[in-house]
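Peer 1: My questions concern the predicted model and sequence given below.
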Amino acid sequence: MKLNDLRDNPGATKKRMRVGRGPGSGKGKTAGRGIKGQTSRSGVAINAYEGGQMPLYRRLPKRGFTKPNRKSYAVINLDTLQKFVDAKRIDPKVEVTEDSLVEAGIVRRKLDGIRLLAKGELKVALKIALTGASAAAKAAVEKAGGTLTLTAKTRETAAAE
């Protein structure tokens, strides 16, 4: 068998229907779009339009509230921190800050700050300074012999700036 012998199976490919090419084609004149009206013309985008009836998205009740100034934190877990210490990408002798975590590649960007969560286990004593942490994470860091200082901005400190 040679490359020039390769063929598709019979019936595997089908020619494109060319619409609006005369009555003999079976899709001539109106090209299968019917007669007149909005959808017979080009550039139609009527998603969720129900012909004047109240659309579904307006009939259903709206619930809840979306806070416009919600804080979004980057999240790391204890096991991730331990893995990077084991891989020697974080030096346990130096204080772990948000900038050092970004530099090490644990988080891509700080967003509104970095929060430490308690998934996994920390075996090394680390001095950590982050925006936030869960109570369990704080206890786990102190159990490993390290310290955790939170640099979260409270309303008072944000107002003072």
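Peer 2: In hand now; what should we look at?
Peer 1: Provide the secondary structure category for the residue lying farthest from the centre of the chain.
Peer 2: The C-alpha centroid of the chain is most remote from residue 24, which lies 51.1 Å away (C-alpha atoms, centre = their mean). Put simply, residue 24 is helix when judged by DSSP: H, G, I helix; E, B strand; the rest coil.
Peer 1: any idea how far it is from residue 18?
Peer 2: 12 Å (C-beta to C-beta, to the nearest Å). Backbone N, C-alpha and C define where each C-beta goes, glycine included.
Peer 1: next one: residue 94
Peer 2: 69 Å.
Peer 1: What of residue 68?
Peer 2: As judged by C-beta to C-beta, residue 68 and residue 18 stand 51 Å apart.
Peer 1: Ok, residue 136 next?
Peer 2: Residue 136 is 66 Å from residue 18, by C-beta to C-beta.
Peer 1: what's the answer for residue 121, then?
Peer 2: 66 Å.
Peer 1: How about residue 125?
Peer 2: Noted for residue 125: a distance of 74 Å to residue 18, by C-beta to C-beta.
Peer 1: and the two? which has more neighbours close in?
Peer 2: With neighbours defined as other C-beta atoms under 10 Å, residue 125 and residue 18 compare such that residue 125 has more, 14 against 11.
Peer 1: and that one, helix, strand or coil?
Peer 2: Relying on three-state DSSP, one would call residue 125 coil.
Peer 1: Where do the strands of the chain begin and end?
Peer 2: 74-77, 114-117, 127-130, 132-133, 147-150 (DSSP state E).
Peer 1: Would you point to the one among those strands that's packed deepest?
Peer 2: Ranked by mean neighbour count, the strands of the chain are led by strand 114-117 with a mean of 23 (mean count of other C-beta atoms under 10 Å).
Peer 1: Tell me the helices and strands packed up against that strand.
Peer 2: Applying 3 or more C-beta pairs under 8 Å, 6 or more residues apart in numbering; DSSP states H and E, we find strand 114-117 packed against strand 74-77, helix 78-86, strand 127-130, strand 132-133, helix 135-143.
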